[in-house]
Structure formats: structure tokens, C-alpha cells
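>>> Have a look; sequence and predicted model below, questions after that.
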Amino acid sequence: MQDLRLLKNILESMAEFLALDVLMGWTKTENSVAYHFEKAGGIDALEETQKCSNQEIYHMAAQLVQNYFELENEVS
């Protein structure tokens, strides 16, 4: 249970950092938090987090991906 609380706090903090892009006008620039997060493999970590059985954690991670990152359409 403590791990889930920690993960939730991390996701909430990440949302606050990503919101800085809009606040500071950094959206879609190399200065953006999202840009550096993506370059560091953060999207892969968020996608892995979406495998969590806790629905709240899943939705928080999915919301971050949807709100702050443009993902290419995957073709099967």
C-alpha cells in the first residue's frame, strides 16, 4: 500500500512539472520538461506504470501520456 501511495505522489509531481511547459511557454521546444522526460525514457516508464493493477495509478499514468505527449499511431 505504501508503494502505491509513493507512486501516486510521483505521478502527481510529474504532472506538476509537465504543467510548467504550458505556464512557461516551453511547449514543443527543447526547453520543455516533456522533451527532456521523453529523451530520458520517461514515456516507456509511464507505459510500464499503466500495467499496474491499481486503476487510479493506471488512469493517472494514462492521463499524463494523453495530455503531454504526442504518440505516433501504432500499426499492428
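Arrived safely, thanks for sending. Residues are numbered from 1 along each chain as shown.
>>> in the protein, which ranges drop under the pLDDT threshold?
1, 71-76 (pLDDT under 70).
>>> any idea which residue sits dead centre in it?
Per CA atoms, centre = their mean, the C-alpha nearest to the average position across the chain is that of L64, at 3.9 Å.
>>> Could you export the one helix or strand that one maps to as CSV, CA atoms only?
Assigned by DSSP states H and E, L64 belongs to helix 55-68. The C-alpha trace of helix 55-68 is given here as CSV (Å, rounded to 0.1, in the frame of the first residue of the first chain):
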residue,chain,number,x,y,z
GLN,A,55,-7.0,1.6,-11.6
GLU,A,56,-6.2,5.0,-10.1
ILE,A,57,-2.5,4.6,-10.9
TYR,A,58,-3.3,3.3,-14.4
HIS,A,59,-5.5,6.3,-15.1
MET,A,60,-3.0,8.8,-13.7
ALA,A,61,-0.3,7.5,-15.9
ALA,A,62,-2.6,7.3,-19.0
GLN,A,63,-3.7,10.9,-18.4
LEU,A,64,-0.1,12.1,-18.4
VAL,A,65,0.7,10.3,-21.7
GLN,A,66,-2.5,11.6,-23.2
ASN,A,67,-2.2,15.2,-22.0
TYR,A,68,1.5,15.9,-22.5
